[in-house]
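J.: Generate coordinates for the sequence data below:
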Amino acid sequence: MDERIMERTETATELGSIRIADEVVSIIAGLAASEVEGVAAMSGGWGTGIVEMLGKKNLGKGVKVEVGEKETAIDIYLVIEFGFPIPRVAQKVQDQVKSAVENMTGLKVTAVNVHVVGVSMKKAGEKEEGFEG
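T.: Modelled structure (predicted):
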């Protein structure tokens, strides 16, 4: 891991320092987004599919973060369930991700950019059928 990235998210305390890796911010954002009703999946591209086939679930899939000293900007790539209003789901994702990242890391979230890259036609008990752009 790039040592410069680690230094940017370091906080000094009486007992030592606290470092938060960019990957941790990605995982928090991804988990928060996936809990929003209407989010079918996170879209992470071909690399995450290979990792998941090897049995390692990528919890930061579909999330890109830029972390500075005290703030972060987040891009999230989602597949939305068919029938849900996309603007409302995206707004809920923005709110939930901002809240989770700020509460858990102490970083100020300056942006949560939601990219809707597909629609899922999943029905209860059926295999997922989706269309991604």
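J.: What residues sit buried inside the helix or strand hosting residue 23?
T.: Using DSSP states H and E, the element containing residue 23 is helix 22-34. Buried residues in helix 22-34, counted by 16 or more other Cβ atoms under 10 Å: 22, 24, 25, 26, 27, 28, 29, 30, 31, 32, 33, 34. Every C-beta, even on glycine, is put in place using the N, C-alpha and C of the backbone.
J.: for stretch 105-114, same thing?
T.: Result for stretch 105-114 [16+ other Cβ under 10 Å]: buried residues 105, 107, 109, 112, 114.
J.: now those residues as TSV including secondary structure, pLDDT and distance to residue 121?
T.: Converted to TSV, those look like this (DSSP: H, G, I helix; E, B strand; the rest coil; pLDDT from 0 to 100; distance: Cβ to Cβ, whole Å):
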residue	secondary structure	pLDDT	distance to residue 121
105	helix	94	35
107	coil	94	36
109	strand	97	32
112	strand	97	26
114	strand	96	20
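J.: picking up where we left off before, just checking: what are the partner strands of whatever helix or strand comes next after the helix holding residue 23?
T.: Following helix 22-34 in sequence order, the next helix or strand is strand 39-42 (DSSP H and E). According to DSSP bridges, strand 39-42 has the following sheet partners: strand 71-81 (antiparallel).
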